[in-house]
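1. Got a sequence here, can you build the structure:
(2 chains)
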Number of protein chains: 2
Amino acid sequence: MSPKNIMLTPGPTPLPPQVLEAMSRPLVHHRTEDFGRMFAQVLEDMQWVFRTKSPALMMTGSGTAGMESAVQNLLSPGDLSLVLSTGAFGERFSAIHRAFGIEPEVLGYEWGRAADPEDLRRALRARKGWKAVFLQHTDTSTGVLNPVEALAAVVREESDALVVVDSVSGLACERLETDAWGLDAVVTGSQKGLMNAPGLAFVALSARAEKAAESARLPRFNFDWRIMRRSLASRETPWTPAISIVAGQAAALKLLRAEGLEAIWKRHDALAAHARRRLTETLGLPFFAKSPANILTGIVLPEGVDGDKLLADVLREDGISIAGGQLHLKGKIARLAHMAYISRADVDAGIDALAARLAKAKA
Amino acid sequence: MSPKNIMLTPGPTPLPPQVLEAMSRPLVHHRTEDFGRMFAQVLEDMQWVFRTKSPALMMTGSGTAGMESAVQNLLSPGDLSLVLSTGAFGERFSAIHRAFGIEPEVLGYEWGRAADPEDLRRALRARKGWKAVFLQHTDTSTGVLNPVEALAAVVREESDALVVVDSVSGLACERLETDAWGLDAVVTGSQKGLMNAPGLAFVALSARAEKAAESARLPRFNFDWRIMRRSLASRETPWTPAISIVAGQAAALKLLRAEGLEAIWKRHDALAAHARRRLTETLGLPFFAKSPANILTGIVLPEGVDGDKLLADVLREDGISIAGGQLHLKGKIARLAHMAYISRADVDAGIDALAARLAKAKA
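-> This next block holds a predicted model:
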């Protein structure tokens, strides 16, 4: 028999049984009152998660779909846009800009370092007419936490630019305050802190962002926020949504609301602290991120260890999924997640498996 | 207790228990060998469904996402494109063109009529330099079946244009031969003939379509076929896919392969004939489509009957979901599906419920 699987990956994260059960129910047709009720409740709960009074929208797609929708709906050809890049997902925001014909100004950091608000201030002062600033709340590729509140404040002080935040991996794990911090668009995905299967992207948008979407001129159709916004009146999505994943999201949001956001953030604080203490005691390897988020810990593997092989062995023989490094970090780091429905026992099992495997690799 | 639900809608269609069970299993992480095996099998099975030796691609999204991807990946600004429009989904192809800055030539038909290959020939002869012709296999809004084989032959005879077919509602219900009929791109969705939950779009593309996608210049990122194509080498999707729906699709395709495509087409022939016989005997109302597909029958409701209310009553009181008319047909027709996992008993129950409700409306 194969070992029982433990998922320690920073998205998808493991699913609560209530979510699996919801996805296994017969479909509710998406043009019915029953679906409309469920969909409206999901969006209302998402406003609660985003901490916003502004509307939330839902798309079928991955976090990347949500990121693309932000570029498509907020920018026009020739717009001056700044991408703050602290890892693979910052690079993805830039790639999306370029695919749509806009060369963004990039304020890039060595992977593992968080963005510095004063660097952003200097970058914004160097030119005039900024349309938008794109940044990551947490970058899953490095486990770094960016100071979103301070960064958004600098944008407001120095420009009229829209603040666009990718919180695909941070939301419902780390504190994020859409309204209180003045964020204009916050993008997230269903498969991380939201404890659901992958397949849905959500976005919160301020009145400024809604207005900008009305006049932006980049082409879009499937992810056109204006069409989605109009469909909200009849509690519908413009196109057929991933109904079973909406049902899963409704179940997961019920769990999140029962726990409470402050309690969820505290639970993540405690689990991250526990994981790092145990990692230090057991492995004694350096951590990758300088300002680590509570969602995952990146560990720099010893020179000469093939990280991809090590993690493949851990998965095959111990049944534990741990993510490796992306792009230039491939094979060099392990990213152990401690977020969403991942438990303390899961984290301990993962650390023990890593330790045993590393001891074997050294022997 | 609410009545047991019967889904007679042309997408989503009801799900076999094997599909529901597959979606309720814990997630398999999408960067693992286990997922790679499942994904590769799904794409191989999709080639079998499409009847093609060319590659199939998968996207997370609705059928509309697949349609948008065809426009984005095959066209460049200024291209001459023809949309053959026999219903709401032909209009959607045109709307996607316009959203991406291309005004297509539209060969439109009164809803309920199928496209005529000789009309298409005349339209193609009127101008030179056609890049692509977009058409529907079956249009779900009217239940019409277009003569795809003959239409594709005319395109080949009169031009070098790519033949792009939306078979979102037709595939795995009505005969479609991607290779034998010379189709360049065929788009479908998971939630109709494929007997799966909504959330995935698939496309089959010929070598000509692949080549066209390499040089096409409309902007795209999330739905960029070139990025998806390169990821196939490692049996991966570029972005996190809707894993649970991929698992559902694997289970559904296993059922389809066990039955065989020819047998599936025959089953749809027989069920459509049965439905129309019973509808004629029981209701005696005119059918909407002149060349009806086997996927659904559109029935013209008597003058003065509010179709939307009637179908809402049937759903609420009898638990049976039947679709109404779209756009200008709203309230005027009922669309009773007899496709995919819908059974003869389901169809009979739907017809009886409609008959009882109409008798009451007359009384």
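2. So for stretch A:187-195, mean pLDDT?
-> For stretch A:187-195, mean pLDDT is 98.
3. and if you look at stretch A:107-115?
-> 96.
4. Between the two ends of it, how far is it?
-> Stretch A:107-115 has an end-to-end distance of 9 Å (Cα to Cα, to the nearest Å).
5. Work out the gap between it and the centre of the chain.
-> 17 Å (Cα atoms, centre = their mean, to the nearest Å).
6. other SSEs contacting the lengthiest helix in chain A?
-> In terms of residue count, the longest helix belonging to chain A (DSSP state H) is helix A:261-282. Packing partners of helix A:261-282 (3 or more Cβ pairs under 8 Å, 6 or more residues apart in numbering or on different chains; DSSP states H and E): strand A:296-300, helix A:344-362. Yep, even glycine has a C-beta here, placed from its N, CA and C like the rest.
7. what's in contact with it?
-> Residues outside helix A:261-282 that contact it (Cβ atoms under 8 Å, 6 or more residues apart in numbering or on different chains): A:48-49, A:51, A:172-175, A:193, A:256, A:259, A:285, A:287, A:292-295, A:297, A:299, A:336, A:338-339, A:342, A:344, A:347-348, A:351-352, A:355.
8. If we use 7 Å, what do you get?
-> Applying Cβ atoms under 7 Å, 6 or more residues apart in numbering or on different chains, the contact partners of helix A:261-282 are A:49, A:172-175, A:256, A:294, A:297, A:299, A:336, A:338-339, A:344, A:347-348, A:351, A:355.
9. Strands along the stretch 101-250 of chain A, start to end?
-> Counting by DSSP state E, counting those that start in this stretch, the segments of the stretch 101-250 of chain A that form strands are A:105-108, A:130-136, A:138-139, A:144-145, A:162-166, A:185-189, A:200-205.
10. Chain B is nearest to which of the ones you listed?
-> strand A:185-189 (7.2 Å; Cβ to the nearest Cβ).
11. Could you give the separation of that closest one from the chain centroid?
-> Distance, centroid of strand A:185-189 to centroid of chain: 7 Å (Cα atoms, centre = their mean).
12. any idea of the angle that strand forms with strand A:200-205?
-> Taking axes from the mean of the first three to the mean of the last three Cα atoms, to 10 degrees, one finds that strand A:185-189 is oriented at 170 degrees with respect to strand A:200-205.
13. mind listing what strand A:185-189 pairs with, with the direction of each?
-> strand A:162-166 (parallel), strand A:200-205 (antiparallel) (DSSP bridges).
14. Dump the ones you listed to CSV, plus mean neighbour count.
-> Listed next are these as CSV, based on neighbours: other Cβ atoms under 10 Å in any protein chain shown:
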stretch, mean neighbour count
strand A:162-166, 27
strand A:200-205, 28
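15. Which parts of stretch A:122-139 count as buried, going by neighbours?
-> By 16 or more other Cβ atoms under 10 Å in any protein chain shown, the buried positions in stretch A:122-139 come out as A:123-124, A:130-139.
16. out of the residues you listed, what pair is the most spread apart?
-> The most widely separated members of the buried residues of stretch A:122-139, counting by Cβ to Cβ, are A:Lys131 and A:Thr138 (24.3 Å).
17. do you know how far the closest residue to chain B within the stretch 251-363 of chain A is from A:Pro147?
-> Relative to chain B, the nearest point of the stretch 251-363 of chain A is A:Ser321 (4.8 Å; Cβ to the nearest Cβ). Per Cβ to Cβ, to the nearest Å, A:Ser321 is found 30 Å from A:Pro147.
18. Which of those two has more residues huddled nearby?
-> More crowded of A:Ser321 and A:Pro147, by other Cβ atoms under 10 Å in any protein chain shown: A:Ser321, with 23 against 17.
19. And the more buried one, its phi and psi?
-> phi -90, psi 120 (degrees, to the nearest 10).
20. Ok, the one 10 residues further on next?
-> In this entry, A:Gly331 is assigned phi and psi values of phi 80, psi -10 (degrees, to the nearest 10).
21. and it, how many residues sit next to it?
-> 16.
22. Find the residue closest to it in space, skipping its chain neighbours.
-> A:Gly307 (4.3 Å; Cβ to Cβ, 6 or more residues apart in numbering or on different chains).
23. now do A:Gly298
-> Nearest non-adjacent residue to A:Gly298, counting by Cβ to Cβ, 6+ apart: A:Phe288, 3.3 Å away.
24. who's in contact with the one you found?
-> A:112, A:142-143, A:298-300, A:333.
25. Which of those ranks first by neighbour count?
-> A:Thr142 leads the contacts of A:Phe288 on contacts (other Cβ under 10 Å) with 32 neighbours.
26. contacting residues around A:Val71?
-> Contacts of A:Val71 (Cβ under 7 Å, 6+ apart): A:96-97, A:100, A:218.
27. What are the buried residues along stretch A:66-78?
-> A:66-75.
28. Next step: these restricted to helices.
-> Going by DSSP H, the helices hold A:66-74 from these.
29. quick one: which of those residues is nearest to chain B?
-> A:Glu68 (4.5 Å).
30. How about that closest one, nearest residue that isn't a chain neighbour?
-> A:Glu68 sits nearest to B:Asn222 (Cβ to Cβ, 6+ apart), 4.5 Å away.
31. And the pLDDT for the one you found?
-> With respect to pLDDT, B:Asn222 has a value of 98.
32. so it touches A:Thr64, yeah?
-> Yes: between B:Asn222 and A:Thr64 a contact is recorded at 5.5 Å, counting by Cβ atoms under 7 Å.
33. what do the two both touch?
-> Counting by Cβ under 7 Å, 6+ apart, the residues touching both B:Asn222 and A:Thr64 are B:Trp239.
34. Comparing these two, which residue is more hemmed in?
-> Shown here are B:Asn222 and A:Thr64; by other Cβ under 10 Å, B:Asn222 has more neighbours (29 against 24).
35. Roughly how far does that one sit from B:Phe89?
-> 21 Å.
36. now swap in A:Asp79 and tell me
-> Counting by Cβ to Cβ - A:Asp79 and B:Phe89 are separated by 33 Å.
37. low pLDDT regions in the stretch 1-150 of chain A?
-> The model of the stretch 1-150 of chain A has no residue with pLDDT under 70.
38. Please, where are all the helices along it?
-> A:17-23, A:33-50, A:63-74, A:88-99, A:117-125, A:148-158 (DSSP state H, counting those that start in this stretch).
39. Please identify which of the strands of the stretch 101-250 of chain A is closest to A:Arg37.
-> Of all the strands of the stretch 101-250 of chain A, strand A:200-205 comes closest under Cβ to Cβ, at 17.4 Å.
40. Of all residues in the stretch 1-150 of chain A, which one is closest to chain B?
-> A:Ser24 (3.3 Å).
41. thinking again about what came up before, which of A:Asp79 and B:Phe89 has more residues huddled nearby?
-> B:Phe89 (25 against 19).
42. residues in contact with that one?
-> So B:Phe89 contacts B:136, B:139-141, B:166 (Cβ under 7 Å, 6+ apart).
43. who in the stretch 1-150 of chain A is up against chain B?
-> Contacts of the stretch 1-150 of chain A with chain B, taken as Cβ under 7 Å from any Cβ of the partner chain, map to A:5, A:7, A:9, A:11-12, A:14-15, A:20-21, A:23-24, A:26-27, A:29, A:32, A:60-65, A:68, A:95-96, A:99-101.
44. picking up where we left off before, what I need now is the strands paired with strand A:185-189 written out in CSV, including mean pLDDT for each item.
-> Formatted as CSV, the strands paired with strand A:185-189 follow (pLDDT from 0 to 100):
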stretch, mean pLDDT
strand A:162-166, 98
strand A:200-205, 98
